[in-house]
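Enquirer: Here is my input, please return the structure:
(chains A and B)
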Amino acid sequence: MKSPHPRLIVVGSLLLVSIALLILGASGFLQPIQDLSMRPVTAIQTWFAVRYSALRDLLSSPRDVAALREEINRLEAENARLEQEIISLREQVSEAEVLAALLNYARSQPENRYLAANVIGRDVSPFIRSVLINQGSDKGLAQGMPVVTARGLVGRVVEVFASYSRVQLITDPDTAVNVRFQTSRTEGVLSAELNGELLVDLIDLNAELSQGELVLTSGLGGKYPTNIPVGQVISIRRRDFDLFQTATIQPSVDFDSLNIVLVITNFQPIILESSSP
Amino acid sequence: MAYLIGIPLLVLLAILQSSLLGTFHFIDGRPDLVLLAVIGWALAGGKTEAMVWGLIGGIVLDMFSEIPIGSSAIILIVIAYLVSLYEGRLWEAHLLIPLGITLLGSIAYHVWFLGVIFLMGRPIDLTFAFGRVIMPSIFLNLVLALPASQLLAGLRNRLYPPEIEI
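Expert: All right, here's what the predicted structure looks like:
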């Protein structure tokens, strides 16, 4: 009997190893090995990401305006902080009646605690919109924690390893966020198209939306805190024969230039078994 | 020796693919450096080694992705095996053969990933996938295919200098 080609034996063995890894990975047995093996890799990746980010910034701006750029960055950060404050104040004005009752409650709540993290990589699959950050369970991160920048909502932690975590962006097609329109007070569900475009669906047909209106998290569902800016309305589709209207949203965060994010570590998300928003 | 160099190289390429090329994209496509390395090494004559590179490179890539660990390895091993079947027969005759191999390899690689994504229960839009992701990625892979195969052939010649009869 003729023996099989040795290369066929090799390919068969390697495929068996891969299938075994698939099964072990699905069962969660690879997590400790992944934690251990990714620790040095994460360090290298952080090194790369930080330098690449610095190099990109350097190349994208003339050298003689470095000082001005620094000043602009400072002012932009200040501006973003003030914008957040304005949004917060507007919210307080429109919710004055409710707030009066909630004031004592709000005072008794501790402020959000943040943990800063560097974005060290993106999912290698172009079909999945998630980023890797260089903080993990070593620093107390847990699945479901919301991730923000000074400008607004980025996403939430979906996988946690010892030294790094994976953050699913709100532009991922598998994400859904319950949102509220700031002026019209109507609610909807934000989801992303495959091309990353953000849409809010399930909006009451009678709601009067306007272009430029701010969209904030509503907190419904318990996955995200309330009043985190998500974006602004850029177009509205309203047809009388539809049950709901939809709005296209310009995200407040620039997802192409994410360098540093903040993880809200004291938020306790409600994790449901189903994939509801 | 091929593994001593190959493993760090594949880890480095996977890091580059995740951190640097994550922000560099043509439409929505990105070059697949690990795929190019596996094809390049198989073309350079590393028959069995390329398959092992596929396993290692695939595992490292999957650690940077939500995709289940092992799924990239499977397709990379299969591609390396198919390339190695013709090793030493065709591309020595024509410089453009690496382009053809890269084209077919890239198509197989991305179609496989579409299947994996589908099995993961994620939404798929074939028009978007082919028009904005797969075709641009294949284009970038083709642009890099010749330099990659030349670099890896050069590396292999340094590691395993061809015997010369005197």
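Enquirer: For the residue lying closest to residue A:203 once chain neighbours are set aside, which residues count as its bridge partners?
Expert: In this structure, residue A:203 finds its nearest non-sequential neighbour in residue A:188, 4.2 Å apart by CB to CB, 6 or more residues apart in numbering or on different chains. From N, CA and C alone the C-beta is placed, and that goes for glycine too. According to DSSP bridges, the partner residues bridging residue A:188 are residue A:179.
Enquirer: correct me, but residue A:188 touches residue A:181?
Expert: Yes - counting by CB atoms under 8 Å, residue A:188 touches residue A:181, with 7.4 Å between them.
Enquirer: which one of the two has more residues nearby?
Expert: The residue with more neighbours, out of residue A:188 and residue A:181 and counting by other CB atoms under 10 Å in any protein chain shown, is residue A:188; that gives 25 against 22.
Enquirer: Which strand or helix spans residue A:84?
Expert: Assignment of secondary structure by DSSP states H and E places residue A:84 within helix A:66-94.
Enquirer: packing partners for that helix?
Expert: Helices and strands touching helix A:66-94, by 3 or more CB pairs under 8 Å, 6 or more residues apart in numbering or on different chains; DSSP states H and E, are strand A:214-217, strand A:229-237.
Enquirer: Could you list the low-confidence segments of chain B?
Expert: Applying pLDDT under 70 to chain B flags residues B:1, B:22-23, B:87-93, B:164-166.
Enquirer: that older thread, quick one: common contacting residues for residue A:188 and residue A:181?
Expert: With contacts taken as CB atoms under 8 Å, 6 or more residues apart in numbering or on different chains, residue A:188 and residue A:181 have A:200, A:203, A:247 as neighbours in common.
Enquirer: Check the burial of the second one by counting its neighbours.
Expert: By the measure other CB under 10 Å, the count of residues near residue A:203 is 22.
Enquirer: Quick check: it touching residue A:242?
Expert: No - with the criterion set as CB under 8 Å, residue A:203 and residue A:242 do not qualify as a contacting pair; they are 10.1 Å apart.
Enquirer: what pLDDT does residue A:277 get?
Expert: You'll see residue A:277 listed with a pLDDT of 50.
Enquirer: what's the burial count for residue B:61?
Expert: Counted with other CB under 10 Å, the neighbours of residue B:61 add up to 26.
Enquirer: Next up, the contacts around the closest residue to it other than its chain neighbours.
Expert: Taking CB to CB, 6+ apart, and ignoring the residues beside it in sequence, residue B:61 has residue B:72 as its nearest neighbour in space, at 4.5 Å. Applying CB under 8 Å, 6+ apart to residue B:72 gives the contacts B:34, B:57-59, B:61-62, B:65, B:113.
Enquirer: And for residue B:108?
Expert: Neighbouring residues of residue B:108 by CB under 8 Å, 6+ apart: B:75, B:78-79.
Enquirer: okay, the residues you listed in CSV with secondary structure, distance to residue B:130 and neighbour count next?
Expert: Formatted as CSV, the contacts of residue B:108 follow (DSSP: H, G, I helix; E, B strand; the rest coil; distance: CB to CB, whole Å; neighbours: other CB atoms under 10 Å in any protein chain shown):
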residue, secondary structure, distance to residue B:130, neighbour count
B:75, helix, 17, 23
B:78, helix, 21, 20
B:79, helix, 19, 25
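Enquirer: Of those, just say which sits nearest to chain A.
Expert: The shortest separation between chain A and any of the contacts of residue B:108 is 7.5 Å, and it belongs to residue B:78 (by CB to the nearest CB).
Enquirer: ok, now which ones touch that closest one?
Expert: Shown here is residue B:78, whose contacts under the criterion CB under 8 Å, 6+ apart are A:11, A:15, B:54, B:108.
Enquirer: Excluding sequence neighbours, find me the nearest residue to the spatially most central residue of chain B.
Expert: For chain B, the residue nearest the mean C-alpha position is residue B:35 (1.0 Å; CA atoms, centre = their mean). On the basis of CB to CB, 6+ apart, the spatially nearest residue to residue B:35 that is not a chain neighbour turns out to be residue B:109, at 5.4 Å.
Enquirer: Surely residue B:108 is within a helix?
Expert: Yes - under DSSP: H, G, I helix; E, B strand; the rest coil, residue B:108 sits within a helix.
Enquirer: okay, how far is it across stretch B:60-77, tip to tip?
Expert: 14 Å (CA to CA, to the nearest Å).
Enquirer: For the stretch 1-150 of chain A, which residues are neighbours of chain B?
Expert: With CB under 8 Å from any CB of the partner chain as the criterion, the stretch 1-150 of chain A comes near chain B at residues A:7, A:10-11, A:14-15, A:17-22, A:24-26, A:30, A:34, A:37-38, A:41, A:44-45, A:48-49, A:52, A:56, A:120-128, A:130-132.
Enquirer: let's see it at 6 Å
Expert: For the stretch 1-150 of chain A, the residues in contact with chain B (CB under 6 Å from any CB of the partner chain) are A:10-11, A:14-15, A:18, A:21-22, A:25, A:30, A:38, A:45, A:48-49, A:52, A:121-128, A:130.
Enquirer: List the ones among those residues that fall in helices.
Expert: For the residues of the stretch 1-150 of chain A next to chain B, membership in helices holds for A:10-11, A:14-15, A:18, A:21-22, A:25, A:38, A:45, A:48-49, A:52, with DSSP state H as the criterion.
Enquirer: can you put those in a markdown table and add pLDDT, neighbour count and distance to residue A:136?
Expert: Supplementary listing: these in a markdown table, determined by pLDDT from 0 to 100; neighbours: other CB atoms under 10 Å in any protein chain shown; distance: CB to CB, whole Å:
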| residue | pLDDT | neighbour count | distance to residue A:136 |
| --- | --- | --- | --- |
| A:10 | 89 | 19 | 36 |
| A:11 | 89 | 21 | 35 |
| A:14 | 91 | 24 | 30 |
| A:15 | 92 | 19 | 31 |
| A:18 | 91 | 25 | 26 |
| A:21 | 90 | 23 | 21 |
| A:22 | 89 | 18 | 23 |
| A:25 | 86 | 21 | 18 |
| A:38 | 82 | 20 | 9 |
| A:45 | 82 | 25 | 13 |
| A:48 | 80 | 18 | 18 |
| A:49 | 80 | 26 | 15 |
| A:52 | 78 | 18 | 21 |
